[in-house]
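>>> generate a structure from the sequence data that follows.
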Amino acid sequence: MGISKIITFLATALVLVSSQIILAEQKNSYKGTGRSSGTEHTMSLANGETVVWATSEGVATISTDPPALLDTKCVSLGLIDAKHSFSSDFYCTMRENDEDSFDLKGKEMSKQGTFKVLGGSGKWKGASGSGKFKLITFEDYSSAYNFEMTVTTP
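This next block holds a predicted model:
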């Protein structure tokens, strides 16, 4: 085999391997709804603002095939400003079972927000993506929400 045939063969093999890697990634859109309840701690600041630290636990459904029920745990750090507007940064873990879970990092403002998927374990290992949510109700540290997200898994 001449050098040009070897280079052509290697280039063809590289293209085939690359296309298999690209084809292996899956990008899916999901919708869901959830409920959670939690605890909240506050600290008043001298400037009239209030720092809020909260934790919550709950359940959510997600439109996987078949649909799944997720255990959710979140922690957030937020601020109520002098005009009574609230914003927070949060982290959540969404657990489907002992092997399959994924994590989120996001921001909430005015009872809605956005998040990024940080990866996970099992079928969510290496997952990336983003989504948004909107609170339906929030009363006495309990909430209901809808969400949608697009996730790419390797």
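>>> what's opposite Y30 in the beta bridge?
Following DSSP bridges, Y30 is listed with bridge partners M149.
>>> I figured it hits D65, correct?
No. Using Cβ atoms under 8 Å, Y30 is not in contact with D65, being 10.0 Å away. Every residue, glycine included, has its C-beta placed from N, CA and C.
>>> ok, these two, which is more surrounded?
Y30 (18 against 7; other Cβ atoms under 10 Å).
>>> and the gap between that one and P67?
The spacing between Y30 and P67, counted by Cβ to Cβ, to the nearest Å, is 10 Å.
>>> all the helices of this protein, residue numbers only.
Using DSSP state H, the helices found in the chain span residues 3-24.
>>> tell me the centre residue of it?
For the chain, the residue nearest the mean C-alpha position is L104 (3.2 Å; Cα atoms, centre = their mean).
>>> so what pLDDT did that one get?
Note on L104: pLDDT of 97.
>>> contact partners for it?
L104 sits next to F90, Y91, C92, T93, M94, F115, K116, V117, L118, G131 when contact means Cβ atoms under 8 Å, 6 or more residues apart in numbering.
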